[in-house]
Structures are given as structure tokens and as C-alpha cells.
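A.B. asks: Build me a structure from this.
(chains A, B and C)
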Amino acid sequence: MEDLISFFFNGLSISSILLLIALGLSIAFGMMGVINFAHGEFIMIGSYSSYIIGLMLNNQATWWSLSISFILSFFLAAVIGFILERLVIRRLYGRPLDSILATWGISLILQQTARSIFGANNVEASIPTILTKGLHLTPTLILPYNRILIFAVCLFICIGVYYFLYKTAKGRILQAVMQNRSMAACMGVHTKKADALTFSIGCGIAGIAGVCISMLGSIGPSTGQNYIIDAFLVVILGGIGGLRGTILGAFLIGMCNPFIEYFTTSSMAKVLLLTMVIIVLQFKPQGLSPMKDRSID
Amino acid sequence: MKNQKILWGALLILLIVMPLVLSDFRLSLLSKFLVFSIVAISINLLWGYTGILSLGHGVYFALGGYAMAMYMKLQAQPLPDFMEWSGVSELPWFWKPFQSLPFALAMVVLLPVSLALLVGIPLFKSGTKGVYFTILSQAITLIIGILFVGQQAYTGGTNGITGFSGFMGFTMSDPQLVKVLYFLSAFMLIAVYMLSRFMLKTHGGTIIQAIRDRETRLRFLGYPTDWFKVVILATSAGIAGVAGAIFVPIVGIISPSSMSILASTEFAIWVAIGGRATLLGPIVGAIVVNIAKTGFSESMPDFWWYFYGFLFIAATLIFPKGIVGSIEAKWAKRKAAAAPGKDEPVEEVPNLPIPVTSN
Amino acid sequence: MQVKNPIVSLHQVEVNFDGYKAVNDVTIDFPAKGVHFIIGPNGAGKTTILDVICGRVKAAKGKVVYQQKKEIQNLKPEKIVHLGISRKFQNPTIFPTQTVYENMKLAIISGKNPFWYLIQTKLSNDQKNKIDEVLDSLDLLPYKSAISGSLSHGQKQWLEIAMAIINDPDLLLVDEPIAGMTPKERNKTGELLQKIGQERTVFVVEHDMKFVKNFSSAVTVMHEGRIICRGDFAEVVNNQEVIEIYLGRQE
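C.D. replies: Modelled structure (predicted):
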């Protein structure tokens, strides 16, 4: 029983991370028809930001430094994302297959840059010591504080995104661009600005995911690669463009891994996970809860 | 015709000049590149001509390779060393048939084709297309790779299968083997090239290109396009498997890294650089990019990744037609200029889906 | 209205798009042979009726029965084509980078015997003659080797009709065929459809009332997903409800 609670909790924090990563991907694809395979590298940028801050403080991280890490990673990732969008991504709108290849190339370049700056080996980002401890529910059941924090961060961001998308005027404009770009443009919406904004925010959120990941273990140039495929599976399973679908997908995929691992091995877990996605696609080819639901086309 | 002369010339150089001129080491490299060209052709059939981008073809390549490797390993050691190291004392039942060459050769094609059918049928029948299919293809190769790494006792794990004694009667260190493998790769490449050329001339070839251009229209003409996609995927997988099988004796090893996402994505970039939807594009792309890679890796390995990444971007943004595609386009323009009025310029009609109008 | 041996019957068919009922509880029998026009204001559900019959959209409720024996609402579009139902879309949907001949080739093979045809490279003489015949009846024979993307708008429409009739379908579904055509082309199209209607059944969705008047054998009027009335053109045009719906829409 305690094991189950522990697995559930682990799954929750993995789901949170996947959700943060998948949000940016889903909205970028829904709005611009672009698949960003360099998204993993924005995670990496976030992780390294946290590492750098820790280094600057001689590995004595505090709550202040952690907060700064979050903010720095968001802005760094967002700015780099913005530059990328201006230079490359915007030329790929509506060309998802080509965008996969082009962004894969960017991913190679970014990973090599990280290797040149930080070295190829993994490093540890310093975190406040309290986060290494946990909440003792029982003498043997400990809920690690860092995972609680990750969940809290994710919740905060989700609420923020929900509020922004559905309750503010700017958010409603973004939804309009996602649902009917040409019509929105006819109504005077500066769609190019909307795209740049959305893409950057998506990358920024990925940066925050990177900080969360750095709280869980060591990070390196290929940290992003470990999460990218799972994140894409979240987008495929959940459906494109909406918050609801992405949450559902992240929850299912994040939870499945630890649960299935409990019963079999880690590689079998991945096989079963993929099989589950393919089976779901049989009945709902657009994902569980897509924003755009069209008939045959 | 200009085309034919160039082709025959290249063939001549390939078959006669190269083996005389190149050292064993470089000939072996060229054989590897020729094998890569075969994979590139298989990707092109699926992508350039049918419009389906698979970034997970490594798994089919590797399955063919593993089938061949299992045969070759059993020739060297009746009980493979990695099994002994993992505490397996008796050859597992699914390894035993690989002692026979005909069985192994059949598996080289059947293993990848079976996987292609296993994933292709549910995916295509439920209408999976475009990016969804591409991402799922990556997930598939990733996960099979993880599976292989995990089952160390049966597959050799991360290290893969290596330590072969010989191939077709030649020992691994025999210098003659290099030439034999070279001719094998060259002939297989020519065979696959001719096969793909034939396929494209048939009705089947017209149909898959129509699937690429306007699939919905084709369905309303009565074509079960999902089945066509399954068949072309399976064919492509089989060709990749054959390439994998020849690859193993050339490099002397097969490991899960051959089915990594990186390896699979590289296949696609060769096609993109060489020219999609052209017959020679994949061959040119595979050879040119790999020569560059070998050259750079020797002198400036770090810089290579920057350059490689840039190549990906260039292939999609700057010259989407690829090398062969751009040359063919130039020739077509010159022909049109020489005989004015004969070929009316066709506007580039975008690949529009049939609009759902409200009536 | 009692219809003997209807070619298509809809029973309480409902088609839903995210809650919006494009086709709302429609029950109707369509008689065989002739050119039946389906008219109505925008959003009436006309194209959706065609879509439901040919399998492009799925009915949320109800049955579609073909030739009184086959229920087709759950069949895949390619199977429906093989039953003898052919569709021409509103915008010319041909293969623009292929020649007219290659377009017809794709149409005539029709995916009926897929695996045998996969390895063949030539068409039989019968097939070649048939293609020439059909192209000729639409005055497209001189353009056989032209790239279809370079044809005029009207010619592209005719090509699509040619592709739709080459396999002798029993039912031809046509969506706004004369949009963008000159008056002469419209006449020609109308006569062509009438000729096809002598041996087969044609359903046409159209807006142009003159065209409907000149070439219809029967007319069905739809509005907001329902059938309002049907009959021949004179009856329909004098129907009070129809007049109200079309107030100000006389051509």
C-alpha cells in the first residue's frame, strides 16, 4: 500500500514535468502547425540555468536562488525561443514534417553548444538542502519535498495558463488564431506577433520544466532528449491545442510508467505504454480531447 | 540522353574503377555508404513518393542486421559468448533456427516486414498520418531499442553482437572479403534501384504518388489507401532490413545504436539533401553526406555537429529540392526555354485538402 | 411522397458537427434515374447530405439505405465507391501535377483489384478506349496530354466529372458543378448531366435557379438541416414556405 502511494506520488511529479513540456509543444503545433524537436533543448537551457545559479553561489542554493533560477530559466528559454522563432521557425509554418527536420538540426546545434560550454558529462545543479528531505507521512513513507514543489510549480503554471488562455482578452485572441488563423487576421489580429509570443512562452515553460528536472537528478547536454519523446506521446494521446487534453495525456503517461514498472520491468513498461497509445488512436485518431475536431479530413 | 550517359559513367566508375583505386579501408567505407544508399532509397519510396516520413527506420535496418548477425555469430560460436556471460547455458529456442542460412536470410526480410505490418496496420487503418505517424515511428524505434538493450542475455545488450569469425567462407580478416562485400553492396544497390524504378512505373507507383498529392480524392475514387500505405511501409521496411544485413559483415557488429532515433533521422536527411522524389537523390545524398561526415569527424569532430545541424536546416529551408532535385529542375527549365510554348508552366498548386464547406 | 424502388433512402438521419445539427432528422426516398437537384440557402445541409451518402461524414443517427438493400452509413468511402456511388466535389479536386490522361487512368483503375494492378504498367485496350470515349464526350480529348493543373476552371470541373463517370456509377453526386463557368459552359454541363441522368441517377447541389429550372427532373429544398418540400421545379418555386426562405434570392 505504501509502495503504491509512493509510486502514485512519483508518477504525479513526472506527470507535472511532462505537462509543462507538452504544453509548449501542443500549443505550438495547434497554432502554427510546427513541431519543435528542439524543445528538449529548452528544457536543457532551463536545467543549466539552475546549475549556473548554483555555481555562482558556490553550491549553496537557497529559496531565493531557486526562485531566481525559475525566473532566469523562463526568460532565458523564452528569449532564445523568440530568436529561434524569428530566424527559423516562422519560415516553417504549416509544414510540420519539414519543421521536424529543421528543429532536429537546431537541437543538434544546441546540444553541441552545451557540450562545448559545459562539457559532455552530467552535472549536478545545487538545490536548497531542505528539498533533499521529505514529508514523513509515516516512519517509512516519505514524500520528497522536491517532488511536492514540482507539483506545486506545475499547478501554478497550469492555473496561470488556464487563466491567461480562457479568461483574458489576449488569451482569447490566441485561441482565435489557433482555431481560425485567417479569420483572426481579418479581424485585425497581428498573427505573427501572436505566434512569436506563444512560441516563446512555450519555450519558457519548458525552461521551468528543466529547473524541475534539475531538482530530481543530474543534468547534461542530452537531458532534453530523455523527455522529448514522452512529451510528444502526451501531445498525441491528449490531442492538440487544448489544456484539457494535454493534462489528461500527461497524467496518463506520467502515471503509467511507475505503475507498470511496479509490475514488470522498465522496458516492458515503455512497450505497454506505446501499445496503449496506439490502441487509443484506433478509437480516437485525433487524441483524447483535441481542440480541432474535424470529420474525415 | 544526358541522363543515361551520366548513369552509365557512374556505374562504370563504381564497379570497375573504385575497387582498383581505393585502399581496402576506403573501399570498406564506400561499401558502407552504398548500404546507406539502399536505406535511403527505402526512405525515399515512403517519403518522397508516398508522402509518409518515417524517422524510425533504424529499427527495420537493425532487425535485418540482427538476423544476419545471429547467423554469423552461431557460425563463430555455437553458444554466443554474451550468453555465457549472462548465465545462459543453452541456446534459446528462438536462436536455434538461425544456424541455417536460408532461415536467417528469410528473417532478414521477414522480421522488419512483420514489425512494419504489426504497427502499420493499426496505425494506417485508424487514419494516422503526417506528423503523428512520424513521431510514433520514432517512439517505436526508441522502445524496441530499449527492449534490445534490456534483454542482454539474448541480444547482447548495449554492446550488441560482434566477434564474428567469417562470412561466406572468408574469414573476417581476409582482404578478399572487402572486395566481395563491396561488389555485394554495389549489386544490391543496383538491384534495389532498378526495383524502385520499376515500382514507380507501375500502377502502384502512380497510386502512391497520388496518395502523397491528394489522398482523400483517391479514397473517393475507390482506393483503400490505408492498405496501400501498409504495403509500401512493409516494402520499405524489407529493403531497409536487407541493407542492415549487408551492413553487418562490413562493419563487423550490430548494436542498438543502429536503431537509435539519431541514426533513423540521419537516413531522412540524406534523402532530403540528395533530393526527395527523385530516383538518384537518395544515393547521391547518402554518399555525399557520409563522405562529409567521415571527413569532418576525422579533422574537426565538434564542428561537425554544428555543420550537420545546419545541414538539416538548409535542407528544409534553403534547398528543399536537394541536389538531384535542383539539377533536374534546372534541366527542365533549360528544356522549356529551348522549346518555348511546348510546356505550359504549371502553377504550384498547394496540397489543399478538400475543403469542408458549409452548405 | 411515395417513391417506387428508391435508389437511396435516408431514415431519420442526423449529422452533428460539434453540437450543430447540419442534417436534422431527415427521412426521404430518392427515386432512381434522372437529375435531382437539392437546393436551399447556405447552411441548409445540402452538401452534408451528399457527404453522408458517399461516406465522407458519419451520421450520428439514422440509416442510409442504397438500392433498398444495402445499409451504407457505416461503410468506408472506398467501399461505397465500389457499390456504384461516385462523387464530384465543389472545388475541382483532381491531381493537378498529373496529365489529364493520368488522372483518368487513376479513375478507371479505381482500386477494385488493387494487388494485381500494383505490378502492371499498362492499361488494357478496352480501358484506353473507354478513357478516350469519356474524354471525347466532354470535349477534353485534345487535352489528353496536358497537365491538368493548366486547364481552365470549367475544364477542370469537366475532368472531375469524367473521372467520376468513367466506371459507370449508378449514382453520381455532384456539388455545385457550374460555379465559375461561362453561360455556354453551363449549358453544356447541364446537357451532359441530363444525358447521364437518362441511364443513371444524378444528385446535384446547386444555387443557380436558371440552371435548376432548365435541367432538373425533380427538386428537393432544404433549410436548416431539414427537407422543406420537393417536387418538380414549378411546384417548388410556387411553394409558400420556399418563397419565404428565398425571399430576395431570385436569380
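A.B. asks: ok, and the closest non-adjacent residue to C:W158?
C.D. replies: Nearest residue to C:W158 in three dimensions, chain neighbours excluded: C:L138, at 4.5 Å (C-beta to C-beta, 6 or more residues apart in numbering or on different chains). For every residue, glycine as well, the C-beta is placed using N, CA and C.
A.B. asks: Over to B:Q77?
C.D. replies: The spatially closest residue to B:Q77, leaving aside those adjacent along the chain, is B:G163, at 7.5 Å (C-beta to C-beta, 6+ apart).
A.B. asks: Spell out which parts of the stretch 101-250 of chain B neighbour chain A.
C.D. replies: B:119, B:122-123, B:125-128, B:130-132, B:134-136, B:138-140, B:142-143, B:146-147, B:149-151, B:216 (C-beta under 8 Å from any C-beta of the partner chain).
A.B. asks: Give me the buried subset of these.
C.D. replies: Those of those that meet the buried threshold are B:119, B:122-123, B:125-128, B:131-132, B:134-136, B:138-140, B:142-143, B:146-147, B:149-150, B:216, by 16 or more other C-beta atoms under 10 Å in any protein chain shown.
A.B. asks: Chain C against chain A: which residues are in contact?
C.D. replies: C:F17, C:D18, C:D51, C:R56, C:V57, C:K58, C:P77.
A.B. asks: could you flag which of the residues you listed are buried?
C.D. replies: Applying a neighbour-count criterion of 16+ other C-beta under 10 Å, the buried members of these are C:F17, C:D51, C:R56, C:V57, C:P77.
A.B. asks: beta partners for the first one?
C.D. replies: It refers to C:F17. The residues listed as beta-bridge partners of C:F17 by DSSP bridges are C:Y20.
A.B. asks: what about the chain, any weak spots by pLDDT?
C.D. replies: Let's take chain A. Along chain A, the model assigns pLDDT under 70 to residues A:1-2, A:61, A:241, A:265, A:291-297.
A.B. asks: Wait, chain C was what I had in mind.
C.D. replies: Across chain C, the stretches falling below the confidence threshold (pLDDT under 70) are C:1-2, C:111-115, C:247-251.
A.B. asks: So which residues of it form strands?
C.D. replies: For chain C, the strands identified by DSSP state E occupy C:6-17, C:20-31, C:34-39, C:61-66, C:70-71, C:85-88, C:171-175, C:201-205, C:218-223, C:226-231, in order along the chain.
A.B. asks: mind putting these in JSON lines, distance to B:P80 included?
C.D. replies: Written out in JSON lines, the entries for the strands of chain C read as follows (distance: least, C-beta to C-beta, whole Å):
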{"stretch": "strand C:6-17", "distance to B:P80": "60"}
{"stretch": "strand C:20-31", "distance to B:P80": "64"}
{"stretch": "strand C:34-39", "distance to B:P80": "71"}
{"stretch": "strand C:61-66", "distance to B:P80": "61"}
{"stretch": "strand C:70-71", "distance to B:P80": "58"}
{"stretch": "strand C:85-88", "distance to B:P80": "59"}
{"stretch": "strand C:171-175", "distance to B:P80": "63"}
{"stretch": "strand C:201-205", "distance to B:P80": "68"}
{"stretch": "strand C:218-223", "distance to B:P80": "72"}
{"stretch": "strand C:226-231", "distance to B:P80": "73"}
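A.B. asks: Quick one: check stretch A:272-290 for contact with chain B.
C.D. replies: Yes. With C-beta under 8 Å from any C-beta as the measure, stretch A:272-290 is seen reaching chain B through A:L274, A:V277, A:I278, A:I279, A:L281, A:Q282, A:F283, A:P285.
A.B. asks: since we're on the third one, how many residues are nearby?
C.D. replies: To tie it back to what came earlier, the one meant is A:I278. 19 (other C-beta atoms under 10 Å in any protein chain shown).
A.B. asks: Secondary structure element holding the residue of chain A at minimum distance from chain B?
C.D. replies: When C-beta to the nearest C-beta is the measure, chain A has its nearest residue to chain B at A:G105, with 2.6 Å between them. Assigned by DSSP states H and E, A:G105 falls within helix A:96-118.
A.B. asks: Contact partners for residue 35?
C.D. replies: No chain in the question, so chain A it is. When the contact criterion is C-beta atoms under 8 Å, 6 or more residues apart in numbering or on different chains, the partners of A:I35 are A:L25, A:A28, A:F29, A:P96, A:S99, A:I100, A:T103, B:V131, B:I135.
A.B. asks: Hmm, no, I was thinking of chain B.
C.D. replies: Under the criterion of C-beta under 8 Å, 6+ apart, the contact partners of B:V35 comprise B:S185, B:M188, B:L189, B:A243, B:I246, B:F247, B:I250.
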